[in-house]
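Peer 1: need a structure here:
(chains A and B)
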Amino acid sequence: MTTTSTSPAPPAAAQTAAPVSDTRREQTALLLQRQGAAIVLIAVLIIAWLSFPTFGTQDNLSDLALQSSFLAVIALGMTFVIITGGIDLSVGSVYALGGVLAAYGSQWGLAGALLLPLVVCGLIGLVNGLLVAYTGMAPFIVTLASLLFARGLLLAITHEGSTTYKISSSAVLTRVVRASFLGLGSPVWITLLLFAIGTVVLRRTRFGQSVFAIGGAENSALLMGLPVLRTKVSVYALSGLLSGFAGILTAGYLESGVTTIGVGTELDAISVVVIGGTLLTGGAGSVLGTVIGVLLRDVIQNIINQIGSLDSNYQSVVSGGFLLVVVVIQRLLARTGSA
Amino acid sequence: MSSATMSARPWTDRARSGLWLQRNGVYVAVLVLLVFNLLFTANFLSTANFRTQLLQAAPVVIVGLGMALVIGTEGVDLSVGAVMALSAALIPLYLGYGVFAAIAVALLAGLLAGMFNGLLVAYIGVQPIVATLAFLVGGRGLALVIAHGQLVEVDNSTLLSLGTNDVLGIPVTVLIAAVLSVLVGLLVQRSTFGRRLVAVGGNRTASALAGLPVRKVLFGVYAISGLLAAIAGVLATARLGASDPADTGLLMELSAITAVVVGGTPLTGGRVRILGTVMGAVLMQLVRATLIKHNLPDSTAQMVQAVIIVVAVYSARERSTR
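Peer 2: Numbers count the residues shown, from 1 in each chain, chains lettered A, B, ... in the order given. Presented below is the predicted three-dimensional model:
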């Protein structure tokens, strides 16, 4: 039996807390880590603006925003999961599943196209969360299993991928998703709204504070009486819901449930979240950083397209290289910060 | 102290058999599936069928060996599929200098990629999952850039023989996988490196305090994983008869991790099960084959795999908490 049982411990935490020393160097390190992506984004935008006359056109920019919006919605859920110190590998499959279910459900009108994917994808996220929170299995492996499960379910619904369900172009879903206001497609506005809500939830609610606390120090969060298990279940359910919702938007935009999308999207989502300054170790991060991460990725892609002569495969080389530079810098900055 | 009291505690028969099943579940599962197929699957008991099953499992086994070592140190290597693609892309470029030069370049590239991952993880301290993720994203892109995104047919007979020939009735690819399994098994069981690896995976801080070369061990583990992935890439190219950087090794990281985990190596490190990993790869292949032979579609196969992974990891978790 455990001999070191819970004897009333003295409040030793106050003694061990290091004195806060705000040296200038540490502050710069912190600023760079938090805002590094934003600085690079601005620099890249200026270079693109000056180098390519077609970059700054309204068509190109609204196109860019539209393309970013689908990944951004997925990455929003991933941000919450990663801040708790977890990871969700299932988002790519769930995203594709959401799209197929939206197209399949559109035969029962808008309600079917929205409810069916949200319920199923939300359930997959919920199961992820329950397994992670209550069995103590590694998030990595639980969501790896649901990556396979969701893709299998998608194949089962589409007769092994041979059937592509269509959404009528006159359906409410397609008309809403394909509409645009003030020069920006409605998915962009929806994404902005979701991110605004995400920021408020993460920064201004009890739930958001629990998310940070769990990622920072799970045991302390538990001892403080925070609802650790419930919060964990919620972030995975949220990630499933948002991925499914991104699938709905994509299906509406493409007017069909494309079965082949979403392969490797989980990795895109993780890398944009990390580039945006959210630490994979949990406990620190921001929703705004994720937006910047997504934009940075798509602006670079856009530039490569603008150059034209470059092989489109350079996109992934640049993305991988960029991710590498970001994590190495994060790591080195963390060292100076703690030194 | 605590371990002494643990072992002195009398195990009930039920707990003992439960523990035995958790340790040997993968072997039992393979055996059960084999018996099931022998009884109920038409044409299962044929040399051709066994050949196919083993040929399919071989690349996963080879990559899984490296993955098992990495997972044993509490890490993960997501880059293996991209490394396979990279080595496949390099082969046709250097085939002009002879087949051995081409293979050497491909293997060297894998080794360098692994060393690069190892450098990031061991010396810079980047989390394994991100360090190798970066190579997953960038490595396949690099392979496609090198090959101009195209599939190139390979018509070198020596290379092709690696993928198609038999020695004593056993395909060369399978033999290579078997030899590598024995080598890696010996490395883990019998070498200083193996002992250190398990120690580092079990408790990194304690290993560092005990004076073990923690960084060198981590570096070595990723280098080996890269080299093994490159071997799998060469064999995949030989079997296909073409260098196909777009598809070679796609999602291999997931299959390899699955084989390792199903084989009973815990994700928390400190234990490496090589035979378990080999059997894990064979089990997943058998599951897939059984479902296909009984006309169950691929979709069902994927969902069954998902359930197997969860069950395997769930039982491994019980062992570690006991």
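Peer 1: hey, let's count contacts and neighbours off CA atoms from now on
Peer 2: OK.
Peer 1: Quick check: residues of chain A near chain B?
Peer 2: A:135-138, A:141-142, A:144-146, A:148-156, A:160, A:267, A:271, A:311, A:313-321, A:323-324, A:327-328, A:331-332 (Cα under 8 Å from any Cα of the partner chain).
Peer 1: check which helix or strand covers the residue nearest the centre of chain B.
Peer 2: With distances taken as Cα atoms, centre = their mean, residue B:64 lies nearest the centre of chain B, 0.7 Å away. Per DSSP states H and E: residue B:64 is located in helix B:47-72.
Peer 1: for the helix or strand following that helix, packing partners?
Peer 2: Sequence order places helix B:80-94 as the next helix or strand after helix B:47-72, per DSSP H and E. Here helix B:80-94 touches helix B:99-118, helix B:128-146, helix B:214-240, strand B:242-243, helix B:252-262, going by 3 or more Cα pairs under 8 Å, 6 or more residues apart in numbering or on different chains; DSSP states H and E.
Peer 1: Looking at the ones you listed, which is nearest to residue A:296?
Peer 2: Closest of the helices and strands packed on helix B:80-94 to residue A:296 is helix B:128-146, at 15.6 Å (criterion: Cα to Cα).
Peer 1: Just the mean pLDDT for that closest one, thanks.
Peer 2: On average, the pLDDT along helix B:128-146 is 87.
Peer 1: other SSEs contacting that helix?
Peer 2: Using 3+ Cα pairs under 8 Å, 6+ apart: helix B:128-146 touches helix A:265-275, helix A:314-338, helix B:80-94, helix B:99-118.
Peer 1: That helix to helix B:99-118, inter-axis angle?
Peer 2: Using axes from the mean of the first three to the mean of the last three Cα atoms, to 10 degrees, the inter-axis angle of helix B:128-146 relative to helix B:99-118 is 140 degrees.
Peer 1: and the angle for helix B:128-146 with helix B:80-94?
Peer 2: On the basis of the same axes, to 10 degrees, helix B:128-146 is oriented at 30 degrees to helix B:80-94.
Peer 1: Tell me which residue is most central in chain A.
Peer 2: Using Cα atoms, centre = their mean, the most central residue of chain A is residue A:75, at 1.3 Å.
Peer 1: isn't there a helix covering it?
Peer 2: Yes: membership of residue A:75 in a helix is supported by DSSP: H, G, I helix; E, B strand; the rest coil.
Peer 1: Quick one: residues contacting the nearest residue to it once chain neighbours are set aside.
Peer 2: Sequence neighbours aside, residue A:269 is the residue nearest to residue A:75 in space, at 4.9 Å (criterion: Cα to Cα, 6 or more residues apart in numbering or on different chains). If a contact means Cα atoms under 8 Å, 6 or more residues apart in numbering or on different chains, then residue A:269 has A:71, A:72, A:74, A:75, A:78 as its contacts.
Peer 1: returning to what we had before: dump the helices and strands packed on helix B:80-94 into a markdown table; add mean neighbour count as well.
Peer 2: Converted to a markdown table, the helices and strands packed on helix B:80-94 look like this (neighbours: other Cα atoms under 10 Å in any protein chain shown):
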| stretch | mean neighbour count |
| --- | --- |
| helix B:99-118 | 22 |
| helix B:128-146 | 25 |
| helix B:214-240 | 27 |
| strand B:242-243 | 24 |
| helix B:252-262 | 27 |
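Peer 1: If you count neighbours, what's buried in stretch A:206-220?
Peer 2: Using 16 or more other Cα atoms under 10 Å in any protein chain shown as the test for burial, stretch A:206-220 gives A:207, A:208, A:210, A:211, A:212, A:213, A:214, A:215, A:216, A:218.
Peer 1: any chance of those in JSON lines, with secondary structure and pLDDT too?
Peer 2: JSON lines is the format used below for those (DSSP: H, G, I helix; E, B strand; the rest coil; pLDDT from 0 to 100):
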{"residue": "A:207", "secondary structure": "helix", "pLDDT": "92"}
{"residue": "A:208", "secondary structure": "helix", "pLDDT": "92"}
{"residue": "A:210", "secondary structure": "helix", "pLDDT": "91"}
{"residue": "A:211", "secondary structure": "helix", "pLDDT": "92"}
{"residue": "A:212", "secondary structure": "helix", "pLDDT": "92"}
{"residue": "A:213", "secondary structure": "helix", "pLDDT": "91"}
{"residue": "A:214", "secondary structure": "helix", "pLDDT": "91"}
{"residue": "A:215", "secondary structure": "helix", "pLDDT": "88"}
{"residue": "A:216", "secondary structure": "helix", "pLDDT": "85"}
{"residue": "A:218", "secondary structure": "helix", "pLDDT": "85"}
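Peer 1: Go through the contacts of residue A:269 and name the one nearest chain B.
Peer 2: The shortest approach to chain B among these belongs to residue A:78, at 14.5 Å (Cα to the nearest Cα).
Peer 1: low-scoring stretches of the chain, by residue?
Peer 2: Just so you know, I chose chain A. Along chain A, the model assigns pLDDT under 70 to residues A:1-23, A:25-26, A:29-34, A:336-339.
Peer 1: Correction: the question concerned chain B.
Peer 2: Low-confidence regions of chain B, defined by pLDDT under 70, span residues B:1-19, B:21-22, B:316-322.
Peer 1: Could you pick out the residues of it near chain A for me?
Peer 2: Residues of chain B lying near chain A (Cα under 8 Å from any Cα): B:120, B:124-126, B:130-131, B:133-142, B:144-145, B:148-149, B:254, B:267, B:297-307, B:309-310, B:313-314, B:317.
Peer 1: rerun at 6 Å
Peer 2: Chain B has residues B:134, B:137, B:138, B:141, B:142, B:145, B:299, B:302, B:303, B:306 near chain A, with proximity defined as Cα under 6 Å from any Cα of the partner chain.
Peer 1: can you give me the helices for the stretch 151-300 of chain B?
Peer 2: Here the stretch 151-300 of chain B has its helices, by DSSP state H, counting those that start in this stretch, at B:157-164, B:172-190, B:192-202, B:204-209, B:214-240, B:252-262, B:274-293, B:298-321.
Peer 1: do you know which of these lies nearest residue A:130?
Peer 2: The nearest among these, by Cα to Cα, is helix B:298-321 at 12.5 Å.
Peer 1: counting contacts, what elements does the closest one pack onto?
Peer 2: Here helix B:298-321 touches helix A:139-157, going by 3 or more Cα pairs under 6 Å, 6 or more residues apart in numbering or on different chains; DSSP states H and E.
Peer 1: centre of the chain versus the next helix or strand after the helix it packs on, how much separation?
Peer 2: On the C-terminal side of helix A:139-157, the closest following helix or strand by DSSP H and E is helix A:172-178. With Cα atoms, centre = their mean, to the nearest Å as the basis, helix A:172-178 stands 24 Å off its chain's centre.
Peer 1: Partner strands of the helix or strand following helix A:172-178 and their direction?
Peer 2: Following helix A:172-178 in sequence order, the next helix or strand is strand A:180-181 (DSSP H and E). Within its sheet, strand A:180-181 is paired with strand A:184-185 (antiparallel), according to DSSP bridges.
Peer 1: right, and the helix or strand after the strand it pairs with?
Peer 2: Immediately after strand A:184-185, counting by DSSP H and E, sits helix A:186-204.
Peer 1: Please tell me how far that next one is from the chain's geometric centre.
Peer 2: 12 Å.
Peer 1: same question, stretch A:67-80
Peer 2: On Cα atoms, centre = their mean, the centre of stretch A:67-80 falls 4 Å from that of its chain.
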